[in-house]
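K.L.:
Provided below are the primary sequence and the corresponding predicted coordinates.
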Amino acid sequence: MAEDAARRVQRHRAGLRAAGLRPVQIWVPDTRRRGFAEECRRQSRLLREDQEADTSSWLEAVADTEGWE
């Protein structure tokens, strides 16, 4: 049974490659990791304290909102 699944996956991937696609592996932060939430809070506090006003001003200046309602 596992061999059948492996063959299906292999055929599927071969089809994707034949369509001009290639696999890409992406590593993302593990949100379940101990300390993750605290690190998010720490970074958010830094932005709020130092850069929030500057970042908001910059976003407003460069935003292309023409045609938005």
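P.N.:
Received it, and whenever you're ready, just let me know what you need. Bear in mind that the values here come from a model prediction, so they are computed numbers and not experimental data. Residues are numbered from 1 along each chain as shown.
K.L.:
distance of residue 67 relative to residue 8?
P.N.:
46 Å (CB to CB, to the nearest Å). (Glycine included, C-beta is placed from N, CA and C.)
K.L.:
higher neighbour count, those two?
P.N.:
A direct count of neighbours by other CB atoms under 10 Å for residue 67 and residue 8 places residue 8 higher, at 10 against 5.
K.L.:
helices along this structure, start to end?
P.N.:
With DSSP state H as the criterion, the chain has helices at 2-18, 36-46, 52-62.
K.L.:
which one of those lies closest to residue 25?
P.N.:
helix 2-18 (13.4 Å; CB to CB).
K.L.:
helices or strands up against that closest one?
P.N.:
Contact partners of helix 2-18 among helices and strands, from 3 or more CB pairs under 8 Å, 6 or more residues apart in numbering; DSSP states H and E: none.
K.L.:
how about the helices of the chain in CSV, adding mean pLDDT?
P.N.:
Below are those laid out as CSV (pLDDT from 0 to 100):
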stretch, mean pLDDT
helix 2-18, 92
helix 36-46, 92
helix 52-62, 84
